[in-house]
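Asker: With the sequence up front, the predicted model follows.
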Amino acid sequence: MQASLKQQQTQPDTTWKLRLQEWWFRNRALIGFAFIFPWFAGFIIFDAAPFIYNLYLSFTDYQIGTVGVPPWIGLENYIEIFTDDKLFGKSMYNTVYYLGFSVPLRLIFAFLIALILNLRVRGMELYRTLFYVPSVVPLVAATVIFAGFLNTRYGFLNQFLVLIGVTPVRWLSSPDAIKPSLILISLWGFGGQMIIFLAGLQSIPDDLYEAAAIDGGTGWHRLIYITIPLMTPTIFFNLLLGLIGGFQIFEQVFILLDTNGGPLQAGLVYMLHVYNKAFRDFEFGYSAALSVILFLIIFVLTLMVVYTSNRWVFYGDAQDDES
Amino acid sequence: MKVSRLIGLAIAVMMLLSLGLAPTLAQDCDGEVIELEFMNWWGAAREALMDTLIGHFEAENPCIRVINQVQPWDNRAELLATAAASSNPPGIIMSTRPETYQFAISGLIIPIDSFVEAHGTDLSVFYDGEIGLQYWNGELYGLPMPTAGGLTSLYIYNKDMLRDAGFDPEAPPKTWQELEEMSAAITVADPMGVDVMGTQVIGITGGDASFVSWLYTNNGRYSSDDGRTLLFNSPEGIETLEWMVNFTNNINGGVENVTDFFQDTAFAQGDHPWYDNQLAFLRINTSFYGHYNVNDPEGYANTSHWGTMLRPYNGDNPDATHAGTTGYNYSGAWAYTIPAVHPPEKQEAAFKFAEFIGVHPLGGCAFLFAQSRPSPVRECNENPAYYEVNPTWSVVLEGLATDVAVSITPVQGQLAEILANAIEEALFAVKSPADALNDAHAEMQALLDEFWAEFDAENM
């Protein structure tokens, strides 16, 4: 009798929970959308809308103080960029030069450090932390430190070079040395890529290495035939991020070389040109067109890398499915 | 007593204090208090001085509350452009001459002639060359403070270094040739470049301004009075750049030595070679006296150690003489401009503040005196106490008197970049000085012609 009474008392609760579960299940898609809505709203407001507005501005003569609708000038900004803007070619060359060296060097550097940090050595957690710490130093602070580090007369690097009998380098005052200096500085932020590589390395099953060892494979063989092929998705990911980020290099140059890009504008990178057009010359429409061109270049390059990835990126799971 | 109680008590006291202070202003003001955001770049070091100025202003104008918004120098252009173009800009903006012109032509700021007339502001108290720089297209857009003059005409020099090199410390160089002779004797090279330098004749940043300054000491001109024709590639201009290149190569050992010598140093921060007796002649602007006094009060007080001299001129050119330039430098000719979007009462308040900064004895006059630097108001500089706070005051006044106003346009930023690149091309031997200047002139004149064509079409 008592048990039956208890059951009656608890039944409504159970029903309520069941109904909620049913509702939850029926509307799971809606609930999912509700969860991603904050991100989606942020994307629309802070990414998509400004992008579309920027695209629109690139076809206008929008200058500071333009009241109302900026005058529509069609492709004039783009024509001027490709026919009359000397600094477009120069800044693009400087950026591609920087990119061509910094992206592969940083990838190789981060990969090598990740390989070392993947060894089973006592106290490895400490080493991993130490190697990652530079990446959490704010870029501005790191750049200011590098400015002192690369000072021709009093910088640590030149003092060291003099100590070992090497002629000091005018890192930031010689047009020939500026781009190599920027590339050198770019290696500083390898920690992010290193962590991704490290995660990739730790996901490679040990039995593959054991099988290779049984077959007499050396460390070099394991690296070439197991590690690198299985790491290609991670390399691909880091390469894409490196390319996208490399094209947008700005802060380091702005701090080290000012808005003109240093002597003979050897460090005038593309984003600095975009900045100057917007905030020094107040030609926002023109600057918008420059940034649209940069977007297209990054977009096409990304597509090319993605397209060619079929030939060199090895997805283990896909291979398994096919077999 | 527990810490939390102490904190609570402190907060309560602060709230009571703030409640007590707020009505003070409200009681003094008959109507509504207008808040005026004052966007400026006077820096943290001068914030207390500026607050004092604002205090005096608010005492005279109890219905206006000025909010001192000192801005960081980094990203200045970005901050200024976005603030000025926004729908809610500051109440009053401190801008340079090229920026004032750019804002004026864009309609972002208002001309202040009507306020000047309504308030009976006497513009004749300013030096003509100072107030004249704030006009664009016949309309006045701001009142100046500090001076545009004294930016290029003055040098400080190290008497001890002259004495040690065998020169009369009371007879600093007057001509280019004397400057060369003394600098060559003083400069000491080392394996890393230059250890002790006489002087450099090129700019550390913005080489165009240095060239234009030297150009006027060789009887040359940057542009015509109407600002429509560029004249810097004259024979005087080419001779000037050739002299700068030769000086840099022969005495300094090349442009890179100069850059390295001054790398990561700033006079205002006290880590400049001047303070270590490593530099004999230093081109200064009038703010340097205040910085010198703050960073090295003993050195500043010792007038047997340093002096002020005028920028040397080309002794081989019979028409050349001492000269400085005003209004050319991108960082010069500051004024206080009023955004167009604000309601009339706020614009009125902004003008009152601009007028106070500009002409009131307790405004810019006192503010600049405290820094031992001159005012654009003639009468302020006649204060005999200046000779006590700045022992070389007579030379400063002489420098102001020799300054020549340079005509520029709203596209000055773009023109300056082209000219700066041309100077670098000559210094790095990419081009001869003549080719560098002629090529730059062609490019700049085309840009200028385009600007004037558009301007004339809109204003016809």
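Answerer: Received it, and whenever you're ready, just let me know what you need.

Asker: the helices in the stretch 1-150 of chain A, which residues?
Answerer: A:2-26, A:28-43, A:49-57, A:76-84, A:86-117, A:124-136, A:139-149 (DSSP state H, counting those that start in this stretch).

Asker: what ranges of the chain fall below the confidence cut-off?
Answerer: Picking chain A for this. Confidence mapping of chain A against pLDDT under 70 gives the ranges A:1-13, A:65-67, A:316-323.

Asker: let's do chain B instead
Answerer: In chain B, residues with pLDDT under 70: B:1-27, B:205-206, B:329-332.

Asker: repeat that with 50
Answerer: Chain B contains residues with pLDDT under 50 at B:1, B:3-4, B:6-26.

Asker: Check it for the residue nearest chain A and tell me.
Answerer: residue B:106 (2.5 Å; C-beta to the nearest C-beta). C-beta coordinates here come from the backbone N, C-alpha and C atoms, glycine included.

Asker: Residue 208: neighbouring residues, count only.
Answerer: In the absence of a named chain, this looks at chain A. If you count neighbours by other C-beta atoms under 10 Å in any protein chain shown, residue A:208 ends up with 15.

Asker: meant chain B, my bad for not saying
Answerer: 25.

Asker: residues touching it, list them.
Answerer: Residue B:208 is in contact with B:416, B:419, B:420, B:423, counting by C-beta atoms under 8 Å, 6 or more residues apart in numbering or on different chains.

Asker: Keeping just the C-alphas, turn the strand or helix carrying it into PDB.
Answerer: Per DSSP states H and E, residue B:208 falls inside helix B:207-216. Extracted C-alpha coordinates of helix B:207-216, given in PDB (Å, rounded to 0.1, in the frame of the first residue of the first chain):
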ATOM      1  CA  GLY B 207      64.400  62.600 -44.000                       C
ATOM      2  CA  ASP B 208      62.300  65.000 -46.100                       C
ATOM      3  CA  ALA B 209      61.900  67.500 -43.200                       C
ATOM      4  CA  SER B 210      65.700  67.700 -42.700                       C
ATOM      5  CA  PHE B 211      66.200  68.300 -46.400                       C
ATOM      6  CA  VAL B 212      63.600  71.000 -46.500                       C
ATOM      7  CA  SER B 213      65.100  72.700 -43.400                       C
ATOM      8  CA  TRP B 214      68.600  72.800 -44.900                       C
ATOM      9  CA  LEU B 215      67.100  73.900 -48.200                       C
ATOM     10  CA  TYR B 216      65.900  77.200 -46.700                       C
END
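
Asker: Run the chain-centre distance for it.
Answerer: Relative to its chain's centre, helix B:207-216 lies at 15 Å (C-alpha atoms, centre = their mean, to the nearest Å).

Asker: Sketch out the helices for the stretch 251-400 of chain B, chain order is fine.
Answerer: B:255-262, B:288-295, B:297-301, B:344-359, B:366-369, B:386-389, B:393-402.

Asker: got it, and the stretch 151-300 of chain A?
Answerer: With DSSP H, counting those that start in this stretch as the criterion, the stretch 151-300 of chain A has helices spanning A:156-163, A:175-186, A:191-202, A:206-214, A:219-222, A:228-247, A:251-257, A:270-275, A:284-312.

Asker: My guess is residue A:80 contacts residue A:285. True?
Answerer: No: in this structure, residue A:80 is not within contact of residue A:285 by C-beta atoms under 8 Å, at 10.5 Å.

Asker: Compare the two (neighbour count), which wins?
Answerer: When neighbours are counted by other C-beta under 10 Å, residue A:285 comes out ahead of the other of residue A:80 and residue A:285, with 24 against 15.

Asker: gap between the residue nearest to the more buried one when sequence neighbours are not counted and residue A:49?
Answerer: Leaving aside its sequence neighbours, residue A:285 sits nearest to residue A:62 (C-beta to C-beta, 6 or more residues apart in numbering or on different chains; 3.8 Å). The gap separating residue A:62 from residue A:49 is 16 Å, by C-beta to C-beta, to the nearest Å.

Asker: Between those two, which has more neighbouring residues?
Answerer: Counted by other C-beta under 10 Å, residue A:62 and residue A:49 do not tie: residue A:62 has more neighbours, with 24 against 11.

Asker: Is it correct that the more buried one is in contact with residue A:282?
Answerer: No: contact criterion C-beta under 8 Å: residue A:62 and residue A:282 do not qualify, at 9.6 Å.

Asker: who are the neighbours in contact with residue A:185?
Answerer: Residue A:185 sits next to A:142, A:143, A:146, A:252, A:256 when contact means C-beta under 8 Å, 6+ apart.

Asker: from the residues you listed, which is closest to chain B?
Answerer: Closest to chain B, out of all of the contacts of residue A:185 and judged by C-beta to the nearest C-beta, is residue A:256, at 10.2 Å.

Asker: Near that closest one, how many residues? Count them for me, please.
Answerer: Neighbourhood size, residue A:256 [other C-beta under 10 Å]: 21.

Asker: quick one on the thing from earlier: tell me which of the helices of the stretch 251-400 of chain B sits nearest to residue B:311.
Answerer: Closest approach to residue B:311 among these (C-beta to C-beta): helix B:393-402, 8.1 Å.

Asker: Put the alpha carbons of the closest one into PDB.
Answerer: Taking C-alpha atoms only, helix B:393-402 is exported to PDB below (Å, rounded to 0.1, in the frame of the first residue of the first chain):
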ATOM      1  CA  TRP B 393      66.200  82.600 -24.500                       C
ATOM      2  CA  SER B 394      67.600  85.300 -26.700                       C
ATOM      3  CA  VAL B 395      68.700  82.800 -29.300                       C
ATOM      4  CA  VAL B 396      65.300  81.100 -29.100                       C
ATOM      5  CA  LEU B 397      63.600  84.400 -30.000                       C
ATOM      6  CA  GLU B 398      66.100  84.900 -32.800                       C
ATOM      7  CA  GLY B 399      65.200  81.500 -34.100                       C
ATOM      8  CA  LEU B 400      61.500  82.300 -34.100                       C
ATOM      9  CA  ALA B 401      62.200  85.500 -36.000                       C
ATOM     10  CA  THR B 402      64.100  83.700 -38.800                       C
END
